[in-house]
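# next comes the sequence, and after it the predicted model I'd like to discuss.
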Amino acid sequence: MPDPSHPIGVFDSGVGGLSVLRAIQQQLPGESLIYLADQAHVPYGPRPLEEVRQFSEAITRFLLAQKAKLVVVACNTASAAALFHLRQTFPDTPFVGMEPAVKPAAETTRSGVVGVLATPATFQGALYASVVERFAHDVTLLQHTCPGLVAQIEAGRLDAPETRLILEEALLPMLARGIDTVVLGCTHYPFVIPLIQDIVGPEVRVIDPAPAVARQARRLLDTQGILGVPAEGEPVSKTRFLTTGDTVKLMEVLQQLLGVEAEVERLEWLGECLYADQHRGHG
């Protein structure tokens with residue numbers, strides 16, 4: 001049985017999962033967290049599902065070696081490609097993944113037309129197909145992959161003209177067809193909610209899946225009796241940040257997206273395994 005003091009592991013191809021991390025920090029203030037960004041391979045979206053599955057398994061092995069008591073797959077593409085495989089491979093580890101919020105959108109839409117923004121791999125995955133089959137019978141779903149948007153967000157260009165253009169190309173045709181709800185099927189996309197809302201207007205609801213993921217993490221930890229409790233006088237949500245990419249760039253984006261200054265540790269891919277870089281820290 002894991003110790004309640006053990007950390008929650010959270011991973012994504014890049015900085016998108018920070019939207020989920022932020023929600024977990026808000027809802028579970030007693031937890032320690034490890035955030036792993038596989039920026040050597042970002043974006044996952046265009047990659048073959050089998051390759052994403054291999055990355056996800058190796059990252060999970062690394063997080064479990066760090067004593068993670070629960071793993072949050074804070075990436076829609078990795079959830080679509082690997083969540084079922086991870087649960088089979090690590091049956092003693094609780095996982096929380098990303099599922100496009102088609103169900104709440106279908107339940108609350110008034111116009112019956114819902115826009116879904118996600119990566120190609122998410123749209124191709126069985127997880128998305130299952131959600132659509134179960135919950136979207138009476139709803140028209142309009143889909144767009146927003147090519148280039150993940151790269152803009154990774155670079156911190158949240159309100160750049162190019163970012164707006166990508167979103168307008170996706171959203172304006174959807175608006176013309178009557179959407180009243182937008183589902184964000186990629187964890188990067190909540191960081192451009194202000195821009196999305198500016199384009200679609202106040203009458204269109206934008207669904208951020210991150211709070212629901214944090215609630216599910218809390219439920220699983222509570223059920224297993226391993227929910228962390230904040231110790232008196234201790235800082236809340238102690239978080240380690242790790243990347244397989246550029247530590248300095250991630251530090252800059254952490255400041256921009258979360259408003260935090262934090263050291264970032266470097267990891268190296270050697271074959272299909274992850275190892276801590278000997279030159280750990282700021283470079």
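That came through fine.

# what about the helices in the protein?
Using DSSP state H, the helices of the chain run over 18-27, 49-65, 76-89, 102-108, 120-124, 126-135, 149-154, 161-176, 193-200, 210-223, 247-258.

# among those helices, which gets the worst mean confidence?
Ranked by mean pLDDT, these bottom out at helix 120-124, which scores a mean of 88.

# packing partners for that helix?
helix 49-65, helix 76-89 (3 or more Cβ pairs under 8 Å, 6 or more residues apart in numbering; DSSP states H and E). All C-beta spots, glycine's among them, are computed from the backbone N, C-alpha and C.

# contacts for it, please.
44-47, 49, 52, 76-77, 79-81, 100, 128, 143, 145, 185-186 (Cβ atoms under 8 Å, 6 or more residues apart in numbering).

# hmm, 6 Å instead?
Contacts made with helix 120-124 from outside it, assessed by Cβ atoms under 6 Å, 6 or more residues apart in numbering, are listed as 45, 76-77, 80, 128, 143, 145, 185.

# make a markdown table from these and add distance to residue 177 and neighbour count to it.
What follows is those, written out as a markdown table (distance: Cβ to Cβ, whole Å; neighbours: other Cβ atoms under 10 Å):
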| residue | distance to residue 177 | neighbour count |
| --- | --- | --- |
| 45 | 24 | 24 |
| 76 | 23 | 32 |
| 77 | 26 | 32 |
| 80 | 25 | 30 |
| 128 | 20 | 23 |
| 143 | 12 | 19 |
| 145 | 17 | 19 |
| 185 | 18 | 29 |
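
# now, among those residues, which is nearest to residue 4?
Set against residue 4, the nearest of the contacts of helix 120-124 by Cβ to Cβ is residue 76 (28.8 Å).

# got a list of what that closest one touches?
98, 122, 185-186.

# next, count neighbours for the nearest residue to residue 275 once chain neighbours are set aside.
With sequence-adjacent residues excluded and distances taken as Cβ to Cβ, 6 or more residues apart in numbering, residue 275 is closest to residue 268, at 5.3 Å. For residue 268, the count of nearby residues is 13 (other Cβ atoms under 10 Å).

# any idea how far residue 268 lies from residue 243?
Using Cβ to Cβ, to the nearest Å, residue 268 is found at 11 Å from residue 243.

# got it, and residue 168?
31 Å.

# those two: which is more packed in?
It is residue 243, of residue 168 and residue 243, that has more neighbours when counted by other Cβ under 10 Å, with 25 against 13.

# and the pLDDT for the more buried one?
98.

# so who does it touch?
Listed by Cβ under 6 Å, 6+ apart, the contact set of residue 243 reads 37, 39, 250, 264.

# quick check: beta-bridge partners of the closest residue to the first one other than its chain neighbours?
Closest residue in space to residue 37, ignoring its immediate chain neighbours: residue 243 at 4.5 Å, by Cβ to Cβ, 6+ apart. For residue 243, the beta-bridge partners under DSSP bridges are residue 37, residue 266.

# for ChimeraX, write a command that selects the buried ones of the contacts of residue 76.
Selecting the buried subset of the contacts of residue 76 in ChimeraX, with 16 or more other Cβ atoms under 10 Å as the burial test, is done by:
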select :98,122,185,186
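
# mind putting the contacts of residue 76 into JSON lines with distance to residue 256?
Formatted as JSON lines, these follow (distance: Cβ to Cβ, whole Å):
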{"residue": "98", "distance to residue 256": "22"}
{"residue": "122", "distance to residue 256": "25"}
{"residue": "185", "distance to residue 256": "23"}
{"residue": "186", "distance to residue 256": "18"}
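
# from the contacts of residue 76, which ones fall inside strands?
residue 185 (DSSP state E).

# out of the contacts of residue 76, who's nearest residue 110?
The nearest member of the contacts of residue 76 to residue 110, counting by Cβ to Cβ, is residue 185 at 20.9 Å.

# contacting residues around that closest one?
Counting by Cβ under 6 Å, 6+ apart, residue 185 touches 76, 100, 116-118, 122.

# excluding chain neighbours, what is closest to it?
Leaving aside its sequence neighbours, residue 185 sits nearest to residue 118 (Cβ to Cβ, 6+ apart; 2.9 Å).

# and the one you found, how close does it get to residue 151?
Distance, residue 118 to residue 151, by Cβ to Cβ: 16 Å.

# which of those two has more neighbours?
The neighbour comparison of residue 118 against residue 151 (other Cβ under 10 Å) goes to residue 118, with 25 against 16.

# alright, that wraps it up for me.
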